[in-house]
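Student: With the sequence up front, the predicted model follows.
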Amino acid sequence: MKKSMISVASALGLTSVVMFASSAALANNTITFNGEVTDQTCSVTVNGNAANPVVLLESVSAALLQDAGSTAGDKTFNIGITDCTAPQGNVEVSTVFVGNGVTDGGNLLNTGDAENVALQIKDANGDAVDLSSPAKLSGLVLEAGATSASVDFGVAYISENGGATPGEVKGALQYAVEYN
């Protein structure tokens, strides 16, 4: 009888361990899907390239970036939408930028070996964009009857604290468009 009770207790204990392990394993096995159905879709390009765009900045002297807040090497890049369904009225389209690494000053973090240098993104008016949180920018308008539109943005080297040193400067920026 004693042996039988030990077997039953062991079986119950093992069952509860298996049930707990199974429910714990299931708690982390959820896939979430998000999407959107819209009236408008377009292909998005950067400087005319739909995939893996690269914006090449001119080389600048570190001497231009010795003072805190100094900028140099302004470069324009273009966000375009093509192959859109022609709307009956004008459609405002926002461009959203999210930095893959951002400085305390809201600029794009340099992942290259140059020190005290970051990349400053500029809106269509040439004003600095704060990337501390996702930046939703206006300026792109798909006009009535049109199937494409574009807007220019800018990028420049910036030395937030001064004292830039020579080296490679790299940064990555995610982008998307939102139809308003």
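Tutor: Noted; the coordinates are in hand.

Student: Not counting residues beside it along the chain, what's closest to residue 158?
Tutor: residue 120 (4.1 Å; Cβ to Cβ, 6 or more residues apart in numbering). No exception for glycine: its C-beta is placed from N, CA and C like everyone else's.

Student: The one you found against residue 71, yeah?
Tutor: Yes: counting by Cβ atoms under 8 Å, residue 71 is a contact partner of residue 120 at 6.1 Å.

Student: Between those two, which contacts overlap?
Tutor: Residues touching both residue 120 and residue 71 by Cβ atoms under 8 Å, 6 or more residues apart in numbering: 156-158.

Student: Could you point out which of those is nearest to residue 75?
Tutor: Checking the shared contacts of residue 120 and residue 71 against residue 75 with Cβ to Cβ, the nearest one is residue 156 at 7.0 Å.

Student: What is the burial count for that closest one?
Tutor: Counted by other Cβ atoms under 10 Å, the residues lying close to residue 156 total 20.

Student: which residues does it bridge with?
Tutor: residue 120 (DSSP bridges).

Student: can you pull the contacts of it?
Tutor: With Cβ under 8 Å, 6+ apart, residue 156 has these contacts: 57, 71-75, 119-120, 122.

Student: Most neighbours among these, which one?
Tutor: residue 119 (26 neighbours).

Student: would you list every one of the strands in this protein?
Tutor: 43-46, 70-82, 91-99, 118-122, 135-142, 149-159, 173-179 (DSSP state E).

Student: Would you quantify the distance from the residue nearest to residue 158 to residue 102?
Tutor: 11 Å (Cβ to Cβ, to the nearest Å).

Student: Now the common contact residues for these two.
Tutor: With Cβ under 8 Å, 6+ apart as the test, residue 120 and residue 102 both reach residue 108.
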